[in-house]
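A.B. asks: prediction below, plus the sequence it came from.
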Amino acid sequence: MLARTRKPDRIGELQAELAVPPFPEALAYLWVAFCRLSSRRGSSGFAINPIGWPDIDAFVRHSGVRLAPWEVRLIEELDDLFRIEQARTETE
């Protein structure tokens, strides 16, 4: 989107939106877990489905990755944010 934008004020808006704090390397393993789970999610035909408990349970059992309750909550929060953003971009 940024590369296609010609209006200086819109370029500034997009650049501000893209400015984020640095990625916390200590949490990279959770991002990888989220990406692995997310890449295998289903769809209702109208929108992507949330990552469900059976998905997380199967992931933990088959991958050997152990997740503490706070790590599962963080994956759920990432999933919520991802689905909100996905829905927003599909309506634009």
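C.D. replies: Nice, I can see it.

A.B. asks: okay, Leu2: pLDDT?
C.D. replies: pLDDT for Leu2: 60.

A.B. asks: how close does Val60 sit to Pro24?
C.D. replies: 22 Å (C-beta to C-beta, to the nearest Å). (Each C-beta comes from the backbone N, C-alpha and C, glycine too.)

A.B. asks: neighbour-wise, which of these two wins?
C.D. replies: Using other C-beta atoms under 10 Å as the criterion, Val60 and Pro24 rank with Val60 on top: 14 against 9.

A.B. asks: report pLDDT for that one.
C.D. replies: Here, the pLDDT recorded for Val60 equals 96.

A.B. asks: quick one, what contacts it?
C.D. replies: By C-beta atoms under 8 Å, 6 or more residues apart in numbering, the contact set of Val60 is 66-67.

A.B. asks: which strand or helix spans it?
C.D. replies: helix 53-63 (DSSP states H and E).

A.B. asks: now the spatially most central residue of the chain: closest residue in space that isn't a chain neighbour?
C.D. replies: The C-alpha lying nearest the average C-alpha coordinate of the chain belongs to Phe82 (C-alpha atoms, centre = their mean; 3.9 Å). In this structure, Phe82 finds its nearest non-sequential neighbour in Ser38, 6.6 Å apart by C-beta to C-beta, 6 or more residues apart in numbering.
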